[in-house]
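> Just to be clear, the model below is a prediction. Sequence and coordinates:
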Amino acid sequence: DDIEKFIATEYWSIVAVFTTEKGEELRAKLYEVNGKQIKVPPKPQMTDEDWDEFLKTNFAITKVELANQIADTLRSKDNFYISDLTKKESRKNPYPPFITSSLQVEASRKLRFRPRRTMMLAQQLYEGIDLGAEGTTGLITYMRTDSTRLSEDVVSEARNFINEKYGGQYLPEKPKTYEQKNKKNVQDAHEAVRPTSLKYTPEFVKEFLDETQFKLYELIWKRFIACQMESARLETTTVSIASDEFVFRSSGTTILFDGYMTLYDEEMEEKDDQNGNGLLIPAGLEINQKMKLKELNPNQHFTKPPPRFTESSLIKELESNGIGRPSTYAMIMGTIIDRKYVEQI
C-alpha cells in the first residue's frame, strides 16, 4: 500500500570535481546556498504555506532550470577555496552475538540462504556432527533464542582466544555485554547462538562439514568472537569548499584501528556514492587553500518509495513489531511463500 500510494518528488544534486595545485582530485557535492542547506522537500505536494516555511531555512533544487542556472553560475567562478576542514574520531562497536532473527537475516544477506534452510542447517549443527575421534558433537548452542546473553565462562574463553590469536590491542578492558531493544518481549530462556566450544575452530571442523554447514558455522563463529573484540576507531575528515554564496562538502573515513572489523564486518561493501561521501580525501589540505573546478554535473533524482520486503527485511520488521517468536520466523516465511500469499520477484 505504501508503495502504490507513493508520489515521487523530483530533485537535483550538483556534484563537482575539484583539483589541488598538485593535481589531486576531490569530489564534492553542493551542500549550501546563501547559508541554507540543500534538502529534498519532505512531501511531494506541499501547500504554499508549508513550502514557504520549508524555504525559510532550507534550499531545494526541484527543477532542471534552477539546476542549470546554478551550474552555469558555478562554472563562471574561479575563486574556490577550502573554507572549513574538520577531523573527527569515532568508534564503531561490534555487533551483538546472533539471536534467531539476526542469524536468519545475516545468512540471507551474506550467504543467500533462505530462513528455512538456515534453520535446517543450524539444527544439524546443534544436534551434532561426527567429528571423527571426538565423536558426535553439537557445535552450536540452541538456535531458537531471542537473548544476546552469554555465559561468563565462554566469554572468558573468548577473551583468552582473542588475546592469543590477535594480541592485547584487540582485547577490550572489560567483557562486552549487549542490551536488547525489545527487552520486555525477550523471554531470555536460552543464550545467544554461539559455538559450544572454542576448540572447534572453523579450520578444525571444516573437513567434517559440508559446504553449506561450514559457511553457516563460520558465520556464527566469527560473529561470536567479534562481539568480544575491541571497537574499531575511525577518523572522518570533512572538507568544505566555498565560492561566494555556494558551499560544497565532501567527507571521507579512514580506519585508524580495525578492531573487530579484522574478523567481521556486517557491511558487505564500502559505500562510495557520487555525492561526495565515503571518498578518499587528499592528505595535506589546509584552510583557505585554493581549489580549481575541473568538472561539474547536475544530476536528476526522484524520491523512492520504501523498498519491497525481502525475507530478511520482513523478519527484521516482524521482530521490531513484536510479531512471532524465534521458533516461528522461518515457518512464517515458508507459509506465506508456499501458500502463494506473496510472490518472490
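Done, it's in.
> quick one: contacts of stretch 115-130?
For stretch 115-130, the surrounding residues in contact (CB atoms under 8 Å, 6 or more residues apart in numbering) are 100, 103-104, 107-108, 111, 113, 136-143, 193, 205, 208-209, 212-213, 216-217, 220, 311-312, 315, 329-330, 333-334. The way it works is simple: take the backbone N, C-alpha and C, and place the C-beta from them, glycine included.
> gap between that stretch and the chain center?
What separates the centre of stretch 115-130 from the centre of its chain is 27 Å, taken as CA atoms, centre = their mean, to the nearest Å.
> do the same with stretch 189-197
On CA atoms, centre = their mean, the centre of stretch 189-197 falls 25 Å from that of its chain.
> so how far is the first residue of it from its last?
Its start and end residues considered, stretch 189-197 measures 20 Å (CA to CA, to the nearest Å).
> model confidence over that stretch, on average?
Regarding stretch 189-197, the rounded mean pLDDT is 91.
> Next: stretch 43-53.
Across stretch 43-53, pLDDT averages out at 81.
> hmm, who's touching it?
7-9, 41, 54, 303.
> Could you list which of the contacts of stretch 115-130 belong to helices?
Among the contacts of stretch 115-130, the members found in helices (DSSP state H) are 100, 103-104, 107-108, 111, 205, 212-213, 216-217, 220, 311-312, 315, 329-330, 333-334.
> which of those count as buried?
100, 103-104, 107-108, 205, 212-213, 216-217, 220, 311-312, 315, 329-330, 333 (16 or more other CB atoms under 10 Å).
> which residues does residue 36 form a beta bridge with?
Beta-bridge partners for residue 36, by DSSP bridges, are residue 33.
> list the contacts for it?
By CB under 8 Å, 6+ apart, residue 36 lies in contact with 55, 57-59.
> most surrounded residue in these?
residue 59 (18 neighbours; other CB atoms under 10 Å).
> Could you count how many residues lie near residue 86?
Applying other CB under 10 Å, we find 10 other residues in the vicinity of residue 86.
> Grab the nearest non-local neighbour of residue 37.
Nearest non-adjacent residue to residue 37, counting by CB to CB, 6 or more residues apart in numbering: residue 58, 6.0 Å away.
> my read: the one you found touches residue 34, true?
No. Assessed by CB atoms under 8 Å, residue 58 is found out of contact with residue 34, at 11.0 Å.
> re earlier: what does the model give the residue nearest to residue 37 for pLDDT?
pLDDT for residue 58: 94.
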